[in-house]
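**Student:** sequence-free structure coming up:
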């Protein structure tokens, strides 16, 4: 059996190694148009910033190691330019010599990945306008930074690579501006969770221009002028386009393979395309989202590696099924960690799923053990059934652990209240006896049992201030005086039982504290005395971050929320 693989990196390289482990005698040929067959896309910004110092560390496997260990014929700088399904052949060009030849196959695996989205706009080919996708892109940007020593950079786009690059350039002392058409960074997050990211970026001196559209570039005078729609232009020493990626599916389209969303390659559960004996994996393929059941695109390394393994098994005669992905990710931003899994509220609405959510702000480990840091967790669930739909976390240490637990729970089809039953590891330096994931479960258990009614950050401004309801802040007087929501009166929790005469039992009470715990306790106290209570989910900490974000959208503010 002869297997030809188009593209290396995650999916293609994984499949090649797996095929060899399953079939010692298969002839395996990998064509990769770049000079590197297997490299870490996610590590590229950290080489530019000098965190990774040796470029060889970016390369997971070299062609030489592939040949020596696996007996695989890897040919870099070879681009497949056409596929002929009817005669099982591909046309290949050697990019160094220009030689063109045909290679025949018994099985063909396509792993072309995605390419940086480059809209048609003037000046996009300018010398100081870069994209970041390959090792060659990385080396080019690193060489430019070392040679030209730019003082300013503009990044167009606010996704994973752009934010990692923003951090690394800023750590080099470069003034960084991020321009993005949507009104927030990291679109997988909901806006209130992204507000913590925005605050951190601004605190580190990165200028955010959200809701602005780049229309073109003009190079001159040792820099680049970035043209904006309906706004004055910006000037910088360099620009990096990071406005997203597009499935690289020209070969598939020209070969007549069935295409799906955004021109992606349609595959079945076995990773087979519409053409016999042709498989496809990675960023170029359309997959099933396991939460919504809908077709989607996910440009993430984890799914690509799993798809490569499954395609390899089936190429070798197996019957393996890829059931989809739920989009789990984790991202370092200076000393913050942002992570998510499953879907956000907007995606739930678009999929026609009625949802609710809980927020909590627990410490990363036991409060009495030094060094605990606060994180903010949002868990989204289906209304009525409490089926887990998604989770988002912004914090520091411990955020990655919790998002992985929640990802596993979503994959297992657990409900929110069932999180309270998880038996999770505990020791004071790592967690609390009631882990934050358990706490989220307790909250949803209380909602399901009718012990808790809640309201959210986007309802506060609409609450009546005419005396028909009571707006109550149960934090300490010191906390209240340092900032509070308009119209909320202060009765500290520990004084509440002795000051019940200040409240009118016939008026609904909307209660706020710093994180949502003390306000829940206040709700229970008042509920036993006949009051109708609503607990503010997320606490003043979340509300203040959202309010700060609204103000910062109009002007640049100093450091945001205190993450101590």
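**Tutor:** Yep, that arrived. Here the structure is a predicted model, which is why all the values come from computation and not from measurement.
**Student:** pLDDT weak spots in the protein?
**Tutor:** The model of the chain has pLDDT under 70 over residues 40, 60, 554-564.
**Student:** which parts of it are helices?
**Tutor:** 11-22, 44-48, 63-70, 135-148, 160-171, 191-203, 250-254, 301-315, 345-350, 399-411, 436-448, 477-481, 517-527, 539-552 (DSSP state H).
**Student:** could you dump those to JSON lines with mean neighbour count and distance to residue 272?
**Tutor:** Yep, even glycine has a C-beta here, placed from its N, CA and C like the rest. Output for the helices of the chain, formatted as JSON lines (neighbours: other C-beta atoms under 10 Å; distance: least, C-beta to C-beta, whole Å):
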{"stretch": "helix 11-22", "mean neighbour count": "24", "distance to residue 272": "13"}
{"stretch": "helix 44-48", "mean neighbour count": "23", "distance to residue 272": "31"}
{"stretch": "helix 63-70", "mean neighbour count": "15", "distance to residue 272": "24"}
{"stretch": "helix 135-148", "mean neighbour count": "16", "distance to residue 272": "30"}
{"stretch": "helix 160-171", "mean neighbour count": "22", "distance to residue 272": "29"}
{"stretch": "helix 191-203", "mean neighbour count": "23", "distance to residue 272": "38"}
{"stretch": "helix 250-254", "mean neighbour count": "17", "distance to residue 272": "13"}
{"stretch": "helix 301-315", "mean neighbour count": "23", "distance to residue 272": "7"}
{"stretch": "helix 345-350", "mean neighbour count": "17", "distance to residue 272": "28"}
{"stretch": "helix 399-411", "mean neighbour count": "21", "distance to residue 272": "24"}
{"stretch": "helix 436-448", "mean neighbour count": "22", "distance to residue 272": "38"}
{"stretch": "helix 477-481", "mean neighbour count": "13", "distance to residue 272": "59"}
{"stretch": "helix 517-527", "mean neighbour count": "20", "distance to residue 272": "51"}
{"stretch": "helix 539-552", "mean neighbour count": "20", "distance to residue 272": "46"}
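**Student:** export these as a markdown table, with columns for distance to residue 384.
**Tutor:** Formatted as a markdown table, those follow (distance: least, C-beta to C-beta, whole Å):
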| stretch | distance to residue 384 |
| --- | --- |
| helix 11-22 | 38 |
| helix 44-48 | 43 |
| helix 63-70 | 51 |
| helix 135-148 | 48 |
| helix 160-171 | 34 |
| helix 191-203 | 23 |
| helix 250-254 | 41 |
| helix 301-315 | 30 |
| helix 345-350 | 13 |
| helix 399-411 | 17 |
| helix 436-448 | 10 |
| helix 477-481 | 36 |
| helix 517-527 | 22 |
| helix 539-552 | 25 |
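**Student:** and of those helices, who's closest to residue 291?
**Tutor:** helix 399-411 (6.7 Å; C-beta to C-beta).
**Student:** picking up where we left off before, out of the helices of the chain, nearest to residue 369?
**Tutor:** That would be helix 436-448 among these, by C-beta to C-beta, at 14.8 Å.
**Student:** next, the angle from that closest one to helix 517-527.
**Tutor:** 30 degrees (axes from the mean of the first three to the mean of the last three C-alpha atoms, to 10 degrees).
**Student:** tell me how many other residues surround residue 498.
**Tutor:** Residues near residue 498, counting by other C-beta atoms under 10 Å, number 9.
**Student:** any idea how far it is from residue 525?
**Tutor:** With distances taken as C-beta to C-beta, to the nearest Å, residue 498 is found 11 Å from residue 525.
**Student:** how far away is the residue lying closest to residue 438 once chain neighbours are set aside from residue 442?
**Tutor:** Spatially, and ignoring its direct neighbours in sequence, residue 438 is nearest to residue 420 (5.5 Å; C-beta to C-beta, 6 or more residues apart in numbering). According to C-beta to C-beta, residue 420 and residue 442 sit 5 Å apart.
**Student:** beta partners of residue 454?
**Tutor:** residue 535 (DSSP bridges).
**Student:** hang on, the earlier thing: right, and the residue nearest to residue 438 touches residue 446 too?
**Tutor:** No: using C-beta atoms under 8 Å, residue 420 is not in contact with residue 446, being 9.8 Å away.
**Student:** contacts for stretch 101-108, please.
**Tutor:** With contacts defined as C-beta atoms under 8 Å, 6 or more residues apart in numbering, stretch 101-108 is touched by 1-6, 29, 31, 83-84, 87-92, 94, 277-279, 315.
**Student:** re the thing from before, intersection of neighbour lists for residue 498 and residue 525?
**Tutor:** Common neighbours of residue 498 and residue 525 (C-beta under 8 Å, 6+ apart) do not exist.
**Student:** pretty sure residue 500 contacts residue 529?
**Tutor:** Yes: contact criterion C-beta under 8 Å: residue 500 and residue 529 qualify, at 6.6 Å.
**Student:** what touches both of the two?
**Tutor:** With C-beta under 8 Å, 6+ apart, residue 500 and residue 529 have no common neighbours.
**Student:** how close does the residue nearest to residue 438 sit to residue 476?
**Tutor:** 29 Å.
**Student:** beta partners for the residue nearest the centre of the chain?
**Tutor:** Centroid-nearest residue in the chain, with C-alpha atoms, centre = their mean: residue 329, separated by 4.8 Å. Note on residue 329: beta-bridge partners by DSSP bridges are residue 340.
**Student:** before we move on, back to that, just the buried residues of the contacts of stretch 101-108.
**Tutor:** 3-6, 29, 31, 83, 88-90, 92, 278-279, 315 (16 or more other C-beta atoms under 10 Å).
**Student:** identify, from these, the entry nearest to residue 162.
**Tutor:** residue 6 (27.7 Å).
**Student:** skip the chain neighbours and tell me the closest residue to residue 324.
**Tutor:** Residue 324 sits nearest to residue 288 (C-beta to C-beta, 6+ apart), 3.6 Å away.
**Student:** and for that neighbour, the neighbour number?
**Tutor:** 15.
**Student:** just residue 289 next, same as before
**Tutor:** 19.
**Student:** grab the nearest non-local neighbour of it.
**Tutor:** residue 296 (4.4 Å).
**Student:** just checking, the one you found touches residue 285?
**Tutor:** No: counting by C-beta under 8 Å, residue 296 does not reach residue 285; the two are 10.6 Å apart.
**Student:** comparing the two, which residue is more hemmed in?
**Tutor:** The neighbour comparison of residue 296 against residue 285 (other C-beta under 10 Å) goes to residue 285, with 29 against 21.
**Student:** show me the contacts for the more buried one.
**Tutor:** 247, 264-267, 271, 307.
**Student:** any idea how far it lies from residue 386?
**Tutor:** Taken as C-beta to C-beta, the span from residue 285 to residue 386 is 32 Å.
**Student:** could you do residue 455 as well?
**Tutor:** 19 Å.
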